[in-house]
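J.: Sequence below, structure please.
(chains A, B, C and D)
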2 protein chains.
Amino acid sequence: MSRSERFITVATELLYETGNLDFTVQDLVERSGLSLRSFYQHFASKDELLLAVLEEAIRSYVSSLRGRIEAESDPVRRLEMYVTEFFGASQKSNRRASAALSRYLLTLAGAEPAELARVLAPQVQLLSEIIDAGCRAGRFRTDLPVAVLTNLITQTIMSAVEMDVLGSHLTGASYTAPDLWAFVAGGIAPSTGGPATRHQA
Amino acid sequence: MSRSERFITVATELLYETGNLDFTVQDLVERSGLSLRSFYQHFASKDELLLAVLEEAIRSYVSSLRGRIEAESDPVRRLEMYVTEFFGASQKSNRRASAALSRYLLTLAGAEPAELARVLAPQVQLLSEIIDAGCRAGRFRTDLPVAVLTNLITQTIMSAVEMDVLGSHLTGASYTAPDLWAFVAGGIAPSTGGPATRHQA
DNA sequence: ACCCAGCGATAACGCTATTCTCGTGTTCTG
DNA sequence: CAGAACACGAGAATAGCGTTATCGCTGGGT
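T.: Numbers count the residues shown, from 1 in each chain, chains lettered A, B, ... in the order given. Below you'll find the model as predicted:
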């Protein structure tokens, strides 16, 4: 295993054990059995390491998810899988770690949007394909562009992961993956002239 | 103006000028014309100050929004105002500052959920009232509890503020307040047996 | 044999939040 | 009015962090 990979692996371990990304570079280095010198030879900064951790996490998760989703053919079912599995995975594996990652993701949105877009690309790509297929099949609304729907759903899911920690504190209620899907399903369904849609983008 | 208020006011100015919350306590103190000593006499930490800034921002905004919303009677229109004005306000006033605040809000979600819930209470309360009224009037779906819908919409809007910065970088598209409302309106509409709702919470 | 790129160990730097010290007013209290 | 408690200003001091720099080693390629 290369030294870069070793740093990323150990950083991921620390993330999952402590539930956040504020471990020190010193901790990381000691635990890796490598040196500070070596760390800064492979990564320009701690931020660059965190970016790599995020990228790896997304890449591996999306790749596994894509496999499972392609076993299904119905676009609506595909979207349902996408939504519920994404939410469900962050519940199962490690809620706090997932929340920390999406929090870091948001700081990236402010500081380095281009970098973030690159890292998020695989995930956005997958979702975009699903939605596009659904729109062509007439199962999803077409009064909003595919790209807009993709953005909306991406952010709804991400903040669901984050806000879930709040859940009980906020309104005393917490929701489940099916609840989230029920909401998203309504949001993306073809408009029925229900309570107010009036915009053509 | 009390010294606490002065610190909060100046911090808010710095937030709006620089677009983020990483100003130094030193900066804050110098600009206030007060002393470090004094700062730590009124706030236990910088975090406590930021919390107060957030609280004040929410309190004043919700109070103004509530006034405008109560001029309207239709629950659906009320929700539309809530969604579009919240999103629109963060566009007009200062996108980066709003994004920084909601980012800080998310770190609070992880670290001090109870504190965050207290600060968000006015906003959640307003939204909750609107949704409850709409459900009673049969204009909103009732297969999900009011509290769940409140959480879902709160987070969708908040992350919309945050993610908006991404917009063009992510899918090349960015959406507008009416787009956001179109999505939310679909999500909260009474279920029409459309593309999959199957959960009873 | 030589070189040099990568490495380990460790000190050092700069920035930040936070605490401490000391001396001065200011205000409440008896 | 006298005195004490308190808030304050100015600034030094502390501690933790990311980051950079120093120095000496080693091992493989020429």
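J.: The spatially most distant residue from the centre of chain A and A:Ile157: what is the separation?
T.: In chain A, the residue that sits farthest from the middle, by C-alpha atoms, centre = their mean, is A:Arg37; the gap is 32.1 Å. Distance check for A:Arg37 against A:Ile157: by C-beta to C-beta, to the nearest Å, it reads 40 Å. In short, each C-beta sits where N, CA and C put it, glycine included.
J.: Ok, A:Ser60 next?
T.: Applying C-beta to C-beta, the value for A:Ser60 to A:Ile157 is 18 Å.
J.: More neighbours: these two, which one.
T.: Per other C-beta atoms under 10 Å in any protein chain shown, whichever of A:Ser60 and A:Ile157 has more neighbours is A:Ile157, with 25 against 11.
J.: ok, the more buried one touching A:Phe87?
T.: Yes: counting by C-beta atoms under 8 Å, A:Ile157 touches A:Phe87, with 6.4 Å between them.
J.: shared neighbours, those two?
T.: A:Leu180 (C-beta atoms under 8 Å, 6 or more residues apart in numbering or on different chains).
J.: so A:Arg68 is in which element?
T.: Element membership for A:Arg68, per DSSP states H and E: helix A:46-70.
J.: So which bits of that helix are buried?
T.: Across helix A:46-70, burial judged by 16 or more other C-beta atoms under 10 Å in any protein chain shown covers A:46, A:49-58, A:61-62, A:65, A:69.
J.: filter the residues you listed by proximity to DNA strand C?
T.: Subset of those in contact with DNA strand C: empty, counting by C-beta under 7 Å from any atom of the strand.
J.: Now for those: which two are most distant?
T.: A:Lys46 and A:Ile69 (33.9 Å; C-beta to C-beta).
J.: Helices of chain A, residue ranges please.
T.: A:3-18, A:25-32, A:36-42, A:46-70, A:75-92, A:95-111, A:113-136, A:146-163, A:167-171, A:177-188 (DSSP state H).
J.: what does the average pLDDT come to for the longest one?
T.: With pLDDT averaged residue by residue, helix A:46-70 scores 96.
J.: How about it and DNA strand D, any contact?
T.: Yes: using C-beta under 7 Å from any atom of the strand, helix A:46-70 comes into contact with DNA strand D via A:46-47.
J.: List of residues touching that helix?
T.: Defining contact as C-beta under 8 Å, 6+ apart, one finds that helix A:46-70 is touched by A:4, A:7-8, A:11-12, A:15, A:21, A:25, A:28, A:39, A:43, A:78, A:81-82, A:85-86, A:89, A:101, A:104-105, A:108, A:112, A:115, A:119-120, A:122-123, A:126, A:130.
J.: got the CA positions of the worst-scoring helix or strand of chain A on mean pLDDT in CSV?
T.: Every helix and strand of chain A was ranked by mean pLDDT, DSSP states H and E. The lowest is helix A:167-171, at a mean of 76. The C-alpha coordinates for helix A:167-171 follow below in CSV (Å, rounded to 0.1, in the frame of the first residue of the first chain):
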residue,chain,number,x,y,z
GLY,A,167,-34.2,14.9,14.7
SER,A,168,-35.6,14.4,18.1
HIS,A,169,-34.2,17.7,19.4
LEU,A,170,-35.9,19.8,16.7
THR,A,171,-39.5,18.8,16.6
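J.: I'd like to know which elements it is packed against.
T.: helix B:113-136, helix B:146-163 (3 or more C-beta pairs under 8 Å, 6 or more residues apart in numbering or on different chains; DSSP states H and E).
J.: Tell me which of those is the most buried.
T.: Per-stretch averages of neighbours, counted by mean count of other C-beta atoms under 10 Å in any protein chain shown, single out helix B:146-163 among the helices and strands packed on helix A:167-171, with a mean of 24.
J.: elements contacting that one?
T.: Applying 3+ C-beta pairs under 8 Å, 6+ apart, one finds that helix B:146-163 contacts helix A:95-111, helix A:146-163, helix A:167-171, helix A:177-188, helix B:75-92, helix B:95-111, helix B:113-136, helix B:177-188.
J.: among those helices, which is nearest A:Gly138?
T.: The closest of those to A:Gly138 is helix A:177-188. By C-beta to C-beta, the value is 12.5 Å.
J.: Low-confidence ranges, chain A, go.
T.: Along chain A, the model assigns pLDDT under 70 to residues A:167, A:193-201.
J.: rerun at 80
T.: A:1, A:93, A:162-168, A:170, A:191-201 (pLDDT under 80).
J.: Name the nearest residue to the residue most central in space within chain A, sequence neighbours excluded.
T.: In chain A, the residue lying closest to the centroid (C-alpha atoms, centre = their mean) is A:Met158, at 5.5 Å. Leaving aside its sequence neighbours, A:Met158 sits nearest to A:Ser102 (C-beta to C-beta, 6 or more residues apart in numbering or on different chains; 5.1 Å).
J.: Pretty sure that neighbour sits against A:Val161.
T.: Yes: at 5.2 Å, A:Ser102 counts as touching A:Val161 under the criterion of C-beta under 8 Å.
J.: Tell me how many other residues surround A:Tyr104.
T.: 20.
J.: residues from chain A in reach of DNA strand D?
T.: Residues of chain A lying near DNA strand D (C-beta under 7 Å from any atom of the strand): A:22-26, A:36-37, A:40, A:44-47.
J.: and of these, the nearest to chain B?
T.: Taking C-beta to the nearest C-beta as the measure, chain B sits nearest to A:Asp22 out of the residues of chain A next to DNA strand D, at 10.3 Å.
J.: List the backbone torsions phi and psi for that closest one.
T.: phi -100, psi 20 (degrees, to the nearest 10).
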